[in-house]
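[1] with the sequence up front, the predicted model follows.
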Amino acid sequence: MAINPNTDFTTGAVLTASQQNRFPRGIVAYTLTSTANISYTTEAVTITSSSFTAVANRYYQVVYIEGTTYGSVPFEGTIRTRLDTLTGTLIGASRLIVSATGSTNGISTGLFTTTAGSHVVVGTLAAATGTGTAYRTEIGASIWVLDMGPA
């Protein structure tokens, strides 16, 4: 991935539109949920970001945090972020080591570019065996997308 950083500014210099467009634009999508627990076995969408309008040739970062998850049996699971749908481009993935008696949190993050237009990012969970439960009534889950600047 090529990086297109901004230039140094000097006293008396004119700030151009090109320089302005190299700055990150911050949070472009955010969802927080704590309303219902979600059970999962095979990979399933567990949270969807709000829609955002992507600009071509810009980097975006996604962060998905699942506050607490536990299993019907101990298992190794996966937390992923994908572009647009359950079968969309994989952005990031992490392993979950889940027990039946304790709980763990999960974090998946990644950097991506996409085509211009309206998009969402989805967070998914999968259990290798048994059934996992994302316990959301106390801690919740969140997903957000940040514009990081030009590619």
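    Great, that's in hand. Note that the structure is a prediction, hence the values are computed from the model and not measured. Residues are numbered from 1 along each chain as shown.

[2] what about the chain, any weak spots by pLDDT?
    By pLDDT under 70, the weakly predicted segments of the chain are 1-2.

[3] what sits against residue 65?
    Neighbouring residues of residue 65 by C-beta atoms under 8 Å, 6 or more residues apart in numbering: 105-107, 141-143. Placement of C-beta: from N, CA and C, glycine included.

[4] residue 102 touches residue 71, doesn't it?
    No - look at residue 102 against residue 71 with C-beta atoms under 8 Å: they stay out of range, at 9.7 Å.

[5] ok so, going back, in strands only, show me the contacts of residue 65.
    Counting by DSSP state E, these place 105-107, 141-143 in strands.

[6] can you tell me how far residue 76 is from residue 126?
    Going from residue 76 to residue 126 by C-beta to C-beta, to the nearest Å gives 10 Å.

[7] what's the answer for residue 12, then?
    For residue 12 relative to residue 126 (C-beta to C-beta), the value is 56 Å.

[8] I'd say residue 34 and residue 137 touch.
    Yes - when contacts are counted by C-beta under 8 Å, residue 34 is listed as touching residue 137 (6.3 Å).

[9] neighbour-wise, which of these two wins?
    Neighbour comparison, residue 34 and residue 137: the larger count goes to residue 34, with 14 against 11 (by other C-beta atoms under 10 Å).

[10] how about the more buried one, what does it touch?
    136-141.

[11] which among those residues end up buried?
    136, 139-141 (16 or more other C-beta atoms under 10 Å).

[12] so where do the strands sit in this protein?
    26-33, 38-40, 44-48, 52-54, 58-71, 75-83, 90-98, 104-112, 117-119, 121-127, 132-134, 141-150.

[13] can you put those strands in CSV and add distance to residue 18?
    What follows is the strands of the chain, written out as CSV (distance: least, C-beta to C-beta, whole Å):
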stretch, distance to residue 18
strand 26-33, 19
strand 38-40, 44
strand 44-48, 34
strand 52-54, 20
strand 58-71, 14
strand 75-83, 27
strand 90-98, 28
strand 104-112, 22
strand 117-119, 23
strand 121-127, 28
strand 132-134, 44
strand 141-150, 9
